[in-house]
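one predicted model, sequence on top.
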2 protein chains.
Amino acid sequence: MSLRHILLGLLDEPKSGYDIKQLFNKIFRHFWSAELSQIYPALSQLERDGLSRSHNEASAKGPARRVYKRTAQGTRTHKAWLRAGPEVGKDRVSYLTQVFFLDAVPAAERLAFLTDLRQHFADELEELREVDRNWAAEDQRYPDQLPDESLYKQFTLRLGLKKIAATVAWCDECIEVIKASIKKRPKV
Amino acid sequence: MSLRHILLGLLDEPKSGYDIKQLFNKIFRHFWSAELSQIYPALSQLERDGLSRSHNEASAKGPARRVYKRTAQGTRTHKAWLRAGPEVGKDRVSYLTQVFFLDAVPAAERLAFLTDLRQHFADELEELREVDRNWAAEDQRYPDQLPDESLYKQFTLRLGLKKIAATVAWCDECIEVIKASIKKRPKV
DNA sequence: GGCCCCATGTAATGGGTTACATGATTGC
DNA sequence: GCAATCATGTAACCCATTACATGGGGCC
């Protein structure tokens, strides 16, 4: 369960489940996500395990918030996770399993599939570039003079940009190959 | 459940659960995986649903094999999956969640973490390049004259190579930045 | 009045991993 | 004799998604 570790990482400052969901939507979007229905039980489990503590807080608008912060024990667990070395899980790229079998449908549909895919990643790339631009606008030190506490966050953004740009370029190459094959054999 | 669709895709020719696991280890390694304990129940479920049929077959070595092949209904379901458009799931990149929080440990450990990561992906890249070379050696038509039935399989390999190469390059950049910061402030 | 945002949770279900159980054949 | 490969499966558990349930406050 890696969500536990992410939560611990975020709980250096007090946060509610709702706060964390917002962060997932904004900052982690390109490499992690979780639903509120998973976050809330995970937070209370952390507390049962002595890794975090919580208290209620009045909210400006809406019901009371339950904010969690990690304990010293939680901080130790968090560091141990980082020190255990990189978790290189098996990637599961659903759309690639589809591409693998794509010759089962007519050429026109294959082209449409990859055009769809390209559109999706081009949009995602544009979103990430916007995050990048906004960050640069907000912080004078961006990107070369960042302090450690934001440098590693920037690294994750950099990889997102690289990988998604590579994926868009790959879509374009595939589309070219398919178009060329349609020209040669219009009825295949 | 995407495993069902992958299984259907593979069952155009008769295959056993064991055969499929081999394929996962060899061909799908860089974008999908599944355990035998997941594959066997999924295969019998496909049969219960009328999407595949099986029979026993004597094996050269070891116990009898149960080989499955998809039915006409299975083929229709498979094509419907492809026609439903790209499944762009949320990526979950565990090691990026770690990089995000990596400033929590001393600079020397951060460097070790990224060196580890680089090694992992450099190895993975080398494996994929080997697959690429072997394929080229076995098929005269590789890579530009491939027929449709192998072209799309080659596309998946191409993206694997691109993404992993981008990841290795990213590791190198991060490592350079960390080394530079250690030189400037040796005790941070 | 209706919609969106704030805010927290439970229940049912789906999907996946790890551990367990069994047993034959081949090669060293 | 022992390890590796071939071969199939079950059971327990973990993790994640979807659906359900509830309710206040602000804005148009």
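Thanks, I have it.

show me what whichever helix in chain A runs longest packs onto, helices and strands only.
Assignment by DSSP state H gives helix A:148-184 as the longest helix of chain A. Where contact means 3 or more Cβ pairs under 8 Å, 6 or more residues apart in numbering or on different chains; DSSP states H and E, helix A:148-184 is packed against helix A:107-138, helix B:94-100, helix B:148-184. C-beta coordinates here come from the backbone N, C-alpha and C atoms, glycine included.

give me the mean pLDDT for it.
For helix A:148-184, mean pLDDT rounds to 96.

got the domain ranges for chain A?
Per the record, chain A has its domains at A:3-83, A:94-184, by automatic domain parsing.

pull the distance from the last one to the chain's centre.
It stands for domain A:94-184. Centroid separation for domain A:94-184 versus its chain: 13 Å, with Cα atoms, centre = their mean, to the nearest Å.

relative to A:Cys171, which of the helices and strands packed on helix A:148-184 is closest?
helix A:107-138 (3.7 Å; Cβ to Cβ).

so does the closest one get close to chain B?
Yes. Shown here: helix A:107-138 in contact with chain B (Cβ under 8 Å from any Cβ of the partner chain) through A:Ala107, A:Glu109, A:Arg110, A:Phe113, A:Asp116, A:Leu117, A:His120.

just put those residues in CSV and tack on pLDDT.
Shown next, in CSV, are the residues of helix A:107-138 next to chain B (pLDDT from 0 to 100):
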residue, pLDDT
A:Ala107, 94
A:Glu109, 97
A:Arg110, 98
A:Phe113, 98
A:Asp116, 97
A:Leu117, 98
A:His120, 96
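
can you narrow those residues to ones near DNA strand C?
Taking Cβ under 7 Å from any atom of the strand as the test, DNA strand C is in contact with none of the residues of helix A:107-138 next to chain B.

return the most buried member of the helices and strands packed on helix A:148-184.
Among the helices and strands packed on helix A:148-184, ranked by average contacts under mean count of other Cβ atoms under 10 Å in any protein chain shown, first place goes to helix B:94-100 (a mean of 22).

ok, it near chain A or not?
Yes. Using Cβ under 8 Å from any Cβ, helix B:94-100 reaches chain A at B:Ser94, B:Tyr95, B:Leu96, B:Thr97, B:Gln98, B:Val99, B:Phe100.

who's in contact with the second one?
Put plainly, it is B:Tyr95. A:Pro86, A:Glu87, A:Val88, B:Leu117 (Cβ atoms under 8 Å, 6 or more residues apart in numbering or on different chains).

need the per-residue pLDDT for it.
Reported pLDDT for B:Tyr95: 97.

excluding chain neighbours, what is closest to it?
A:Pro86 (4.3 Å; Cβ to Cβ, 6 or more residues apart in numbering or on different chains).

quick one: what helix or strand has the one you found in it?
According to DSSP states H and E, A:Pro86 maps onto no helix or strand at all.

pLDDT below threshold where in chain A?
For chain A, applying pLDDT under 70 flags the ranges A:186-188.

get me the contact residues on it for DNA strand D.
Taking Cβ under 7 Å from any atom of the strand, the part of chain A that reaches DNA strand D is made up of A:Met1, A:Ser2, A:Leu3, A:Ser33, A:Ala34, A:Glu35, A:Ser37, A:Gln38, A:Lys61, A:Gly62, A:Pro63.

so of those, which ones are in helices?
Reading helices off these with DSSP H, I get A:Leu3, A:Ser37, A:Gln38.

thinking again about what came up before, from the residues of helix B:94-100 next to chain A, which is closest to B:Leu23?
For the residues of helix B:94-100 next to chain A, the nearest to B:Leu23 is B:Ser94 (24.8 Å; Cβ to Cβ).

give the contact list for the closest one.
Per Cβ under 8 Å, 6+ apart, neighbours of B:Ser94: A:Ser2, A:Pro86, A:Glu87, A:Val88, A:Gly89.

okay, now the first one: neighbour count?
Residue neighbour count, defined by other Cβ atoms under 10 Å in any protein chain shown, stands at 15 for A:Ser2.

with adjacent residues omitted, what lies nearest to A:Val67?
A:Pro14 (4.2 Å).

tell me if I'm right that that neighbour and A:Arg65 touch.
No. Applying Cβ atoms under 8 Å, one finds A:Pro14 not in contact with A:Arg65, separated by 9.5 Å.
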